[in-house]
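Novice: Build me a model from this:
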Amino acid sequence: MTKLSFGAHPYLLGFDQLERLVERTAKGSDAYPPYNIEQRGEDAFRITLAVAGFREEDLAITLEDRALVIRGRQSEEDSERLFLHRGIAARAFQRSFVLAEGVEVAAATIENGLLHVDLNRAPPDTIVQTIPIERK
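Specialist: The predicted structure follows:
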């Protein structure tokens with residue numbers, strides 16, 4: 001018995017990248033930092049990451065091949081500090097979110113230790129095209 005993959009279905013031409021996209025997002029990822037994704041309208045979304053202890057300059061948000069990548073790295077300002085107990089995570093992180101075609105980053109704000117990234121999906125253009133049939 002052969003396994004028919006989603007991208008190889010005969011009615012879904014050109015969707016082979018979708019299968020690779022699903023594989024890329026299914027890879028295990030660290031649970032740090034915790035995040036929420038909320039729908040704020042029919043075509044609006046917000047990703048919120050808990051980034052307590054990170055300053056704006058410690059964070060970077062980039063778009064890389066339809067992937068929204070959020071990185072955080074805290075600088076060690078005072079390396080002479082002696083901790084008796086260190087329970088607050090001060091580690092670097094990278095969190096990626098794959099964006100659908102037409103989804104764009106509208107804004108990014110930081111407030112009370114939460115990083116908010118607002119996303120908007122532009123409505124797709126409806127295109128009707130007539131293809132001429134040539135006689136050979």
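
Novice: Helix or strand: which one has the residue most central in space within the chain?
Specialist: Closest residue to the average C-alpha location of the chain: F97 at 1.6 Å, with C-alpha atoms, centre = their mean. Element membership of F97, judged by DSSP states H and E, is strand 93-98.

Novice: for the chain, what spans make up the strands?
Specialist: Applying DSSP state E to the chain gives strands spanning 35-41, 44-50, 59-64, 67-72, 93-98, 103-111, 114-121.

Novice: Now render those as TSV, adding mean pLDDT and distance to E80.
Specialist: Any C-beta I mention is one placed from the backbone N, CA and C, and that applies to glycine too. Shown next, in TSV, are the strands of the chain (pLDDT from 0 to 100; distance: least, C-beta to C-beta, whole Å):
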stretch	mean pLDDT	distance to E80
strand 35-41	94	33
strand 44-50	95	28
strand 59-64	95	25
strand 67-72	93	23
strand 93-98	91	25
strand 103-111	95	28
strand 114-121	96	29
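
Novice: Quick one: closest of these to I127.
Specialist: strand 114-121 (17.4 Å; C-beta to C-beta).

Novice: elements contacting that closest one?
Specialist: The contact analysis (3 or more C-beta pairs under 8 Å, 6 or more residues apart in numbering; DSSP states H and E) places strand 114-121 against strand 44-50, strand 67-72, strand 103-111.

Novice: Out of these, the one nearest L82 is which?
Specialist: L82 lies closest, by C-beta to C-beta, to one member of the helices and strands packed on strand 114-121: strand 67-72, at 24.6 Å.

Novice: Please work out which residues outside that closest one touch it.
Specialist: 33, 47, 49, 51, 54, 58-63, 92-99, 105, 115, 117, 119 (C-beta atoms under 8 Å, 6 or more residues apart in numbering).

Novice: List the buried residues of that strand.
Specialist: Under the neighbour-count criterion of 16 or more other C-beta atoms under 10 Å, strand 67-72 has L68, I70, G72 buried.

Novice: next one: it to chain centre, how far?
Specialist: In terms of C-alpha atoms, centre = their mean, to the nearest Å, the centre of strand 67-72 is found 7 Å from the chain centre.

Novice: do stretch 40-52 as well
Specialist: With C-alpha atoms, centre = their mean, you get 11 Å for stretch 40-52.
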